[in-house]
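**Student:** structure for this input, please:
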Amino acid sequence: MWNEPLPEGLSLDGPVRLSVEADVLPDGSFGRELLVVAGDAVHVVTLEGDAAPCVRLEVPFKELAEPKAESFVGGGAFEALRDDTRIELVRYTAARIPRFTAAARLLGKWLEGEDAPVPPDEERRCPRCGLPLEKGTRVCPTCTPKSRTLIRLVAYLKPCWQAALGLSAMAIANTALGLVPPYLQKPFMDKVLVLPAGQERPLDERLTLLGVLVLALLGARLVMASVGVGQAWLASWLGNRITHNIRSSLYRHLQYLSLGFYDKREMGTVISRVNHDTGSLQRFLVWGSQELLRNVLMIVGIGAMLFVLNWRLALFVFAPAPVVAILSGAFWKKIRFLMHRVWHRWGRLNAILNESLSGLKIVKVFAQEPRTIARFDTRSEDLANTGVRAERMWAVLFTCLRLVIMLGTLLVWYFGGRYVLFKQMTLGELIAFNAYVWMFYGPIQSLSQLVNWCSRSLTAAERVFEILDIEPEVAETEDAQPLPDMRGAVRFEDVTFGYEPHRPVLRNMSFEAAPGEMIGLVGHSGAGKTTTINLLCRFYTPDEGEILVDGVPVRSIRVADLRQQLGVVPQDTFLFSGSIADNIAYAKPGATREEIVRAAKVANAHDFILRKPDGYETHLGERGGGLSAGERQRIAIARAVLHDPRILILDEATSQLDVQTEKQVQEAIGRLVEGRTTLAIAHRLSTLRNADRLIVLKNGEIVESGSHDELIAAGGEFSSLVKTYQEISKVRAIQR
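**Tutor:** Model prediction:
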């Protein structure tokens with residue numbers, strides 16, 4: 001945490017401006033130290049167990065320069081210059097690297113005289129368990145109570161409350177009718193078959209009563225069957241409707257989450273949340289919840305009937321209840337932990353499946369089928385082993401519960417038999433009571449199985465809600481303003497950004513693109529070119545600095561307005577399953593056929609489209625299967641033409657094309673960039689020559705800027721890149 005409280009008994013001169021805890025001592029052992037900026041000095045305070053805190057190092061603030069957080073394998077060190085000598089202040093583990101990186105930037109600003117405030121503490125921890133919370137959420141999945149998950153599920157009933165109310169009424173009616181047949185056994189025994197001593201009833205009257213009882217039993221069963229059919233019909237509709245709403249909410253939320261959410265996740269695990277977890281939830285909502293409700297109502301209703309028939313015997317029936325509760329409580333935490341592990345391994349298995357099938361061509365090219373199969377088998381075996389452990393634990397619990405429940409049944413038979421022998425109850429009452437006992441223990445045993453099902457479903461619900469609780473990192477501000485008429489002026493002002501804050505990819509980047517100007521971004525792989533356009537598209541938010549469009553910070557522009565004026569032609573073109581026309585019109589679904597054809601002609605795509613079997617209605621497979629790289633690229637250009645953006649981004653759009661295809665794509669790009677502000681990432685000289693200005697990046701910083709001829713004449717970084725490219729081109733020409 002920022003501004004860690006100073007230990008008692010430690011006194012430093014001046015107010016404390018910053019206090020950060022390190023967890024490694026100078027000798028490399030684990031221990032606690034504080035880096036404290038107080039008054040006019042930087043202090044390093046060592047905290048060793050119960051010993052008094054001591055100031056290990058004190059350096060006047062004005063003697064320090066260039067503070068830096070160095071990252072090593074497994075940790076890092078906070079360093080600074082003092083008298084032109086770099087000194088080490090504190091060491092820390094990898095978990096503290098982001099904190100000390102931010103502290104180094106803050107301290108650097110203070111040393112330059114800037115009155116920068118201490119940034120808010122972004123690392124949040126669960127107040128109950130202390131585990132770090134995922135960025136963008138305040139909900140701890142480990143400590144979330146089941147009751148909270150159930151309440152959130154119940155909230156989805158609100159739009160369908162009439163159906164839920166009707167379903168509850170049917171469940172109550174069905175339960176009440178189910179209590180009738182056992183009760184009819186009492187008059188059946190005591191008034192028809194075996195009359196109590198001293199009572200006589202004519203045979204005709206007993207036969208009539210027998211018929212009435214059988215008809216009453218038949219009527220109860222028929223009504224129960226009718227109510228049951230209606231209950232099942234309504235339950236299936238309600239369960240599927242709620243699951244649809246949850247699945248849609250999850251998918252909608254996934255669409256608006258920032259790319260940073262997906263950077264560190266396997267796509268298969270995300271797909272597992274949408275498919276597998278919501279599927280498990282659906283099965284529970286459709287059938288499990290109804291069984292759960294029915295069993296609970298049966299237990300309550302039968303319990304009441306048992307006390308009505310004989311309250312003393314009823315106490316023996318409920319005697320095992322405390323033991324059942326203790327056993328269930330003892331097993332619950334372990335089972336919940338295993339269920340989370342099962343779902344986690346399901347996600348890992350789906351991730352392998354998604355990855356291997358998506359990259360099936362590469363697998364076959366390198367003949368890695370056995371390796372891929374082995375990886376899948378390993379993940380599948382992990383899932384199977386975890387599932388075995390969970391099922392075995394449930395088996396042990398169920399066996400114990402059955403034994404305890406059997407004890408209650410034996411007590412009822414023994415004491416009930418004594419009551420009949422001593423004339424304290426009739427045989428019919430005992431038969432009816434035992435019928436209710438078997439009915440009572442049936443729901444309890446089913447309830448145990450349903451608790452298993454419920455725990456699995458609630459675990460799935462927790463995983464779904466865990467995603468829903470994550471907030472987008474790139475969120476639109478409440479006062480975001482529309483920008484429908486964009487001119488296309490782009491300006492980067494001292495932008496610093498890293499996908500991990502302690503490892504910046506861009507450092508203090510500043511440049512400007514005038515409306516209609518074409519800017520080329522040049523540099524080695526990893527220099528920060530793609531990151532630059534990702535920031536402009538607002539896929540990520542800069543850690544420092546500002547990006548402005550038409551003089552307005554992109555943070556203050558509505559995301560929809562910004563992206564409607566952005567067009568991207570990527571290096572790896574992604575096309576969707578569907579017709580060629582649908583893919584061209586993806587950014588403008590209401591486009592007419594004339595507009596689609598006009599865009600295709602501008603992109604030099606019209607001729608090859610007409611050569612396809614079905615022309616513009618030719619169906620494409622996944623990711624544009626059936627088209628060459630050049631054809632896919634021209635479809636992407638046609639898509640951008642139809643979109644008609646004010647700002648165009650070309651991400652190495654011709655890097656994978658042959659000479660003839662490149663010429664056609666270059667002609668299309670030449671027509672596309674007219675009148676638009678264009679940022680082009682390119683290695684090909686043909687693309688670079690068309691740019692008004694080139695910006696050369698190296699290690700995330702701008703090292704050169706100017707026209708193609710100016711940079712060649714300067715003989716700097718760009719000139720070196722061009723020479724390297726020319727040499728590679730000669731080698732390729734010889735090989736051909």
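**Student:** now the phi/psi pair for residue 675, please.
**Tutor:** Main-chain dihedrals, residue 675, degrees, to the nearest 10: phi 80, psi 10.
**Student:** name all residues that make contact with it.
**Tutor:** Residues counted as contacts of residue 675 (CB atoms under 8 Å, 6 or more residues apart in numbering) are residue 516. For every residue, glycine as well, the C-beta is placed using N, CA and C.
**Student:** so how far is residue 34 from it?
**Tutor:** Residue 675 sits 58 Å away from residue 34, taking CB to CB, to the nearest Å as the criterion.
**Student:** what are the buried residues along stretch 72-80?
**Tutor:** For stretch 72-80, a neighbour-count test (16 or more other CB atoms under 10 Å) marks 75-80 as buried.
**Student:** and stretch 400-414, by the same measure?
**Tutor:** Buried, per 16+ other CB under 10 Å, within stretch 400-414: 400-401, 404-405, 408-409, 411-412.
**Student:** gap between that stretch and the chain center?
**Tutor:** Relative to its parent chain, stretch 400-414 has a centroid offset of 46 Å by CA atoms, centre = their mean, to the nearest Å.
**Student:** same check on stretch 304-320?
**Tutor:** On CA atoms, centre = their mean, the centre of stretch 304-320 falls 49 Å from the chain's centre.
**Student:** list the contacts of that stretch.
**Tutor:** Here stretch 304-320 has contacts from 179, 182-183, 186, 303, 404-405, 407-408, 411-412, 415-416, 419, 425, 429, 432-433, 436-437, 440, using CB under 8 Å, 6+ apart.
**Student:** quick check: buried residues in it?
**Tutor:** Within stretch 304-320, the residues scored as buried using 16+ other CB under 10 Å are 305-306, 309-310, 313-314, 316-317, 320.
**Student:** any stretches of the stretch 551-700 of the chain with poor pLDDT?
**Tutor:** Where the stretch 551-700 of the chain drops to pLDDT under 70, the residues are 623-624, 653-662, 664-665, 683-687.
**Student:** strands of that one, residue ranges please.
**Tutor:** Taking DSSP state E, counting those that start in this stretch to define them, one finds strands in the stretch 551-700 of the chain at 552-553, 566-569, 578-579, 619-620, 647-651, 677-681, 693-698.
**Student:** may I see the ones you listed arranged in a markdown table, with mean neighbour count as well?
**Tutor:** Listed next are those as a markdown table, based on neighbours: other CB atoms under 10 Å:
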| stretch | mean neighbour count |
| --- | --- |
| strand 552-553 | 14 |
| strand 566-569 | 23 |
| strand 578-579 | 15 |
| strand 619-620 | 17 |
| strand 647-651 | 24 |
| strand 677-681 | 25 |
| strand 693-698 | 21 |
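**Student:** dump those to CSV, plus distance to residue 477.
**Tutor:** Below are the strands of the stretch 551-700 of the chain laid out as CSV (distance: least, CB to CB, whole Å):
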stretch, distance to residue 477
strand 552-553, 10
strand 566-569, 19
strand 578-579, 35
strand 619-620, 38
strand 647-651, 21
strand 677-681, 24
strand 693-698, 29
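**Student:** any regions of the stretch 401-550 of the chain where pLDDT drops low?
**Tutor:** For the stretch 401-550 of the chain, the stretches with pLDDT under 70 are 441-442, 444-456, 501-502.
**Student:** please, where are all the strands along it?
**Tutor:** Using DSSP E, counting those that start in this stretch, the strands of the stretch 401-550 of the chain run over 490-497, 506-513, 518-523, 544-549.
**Student:** thanks a lot, see you next time.
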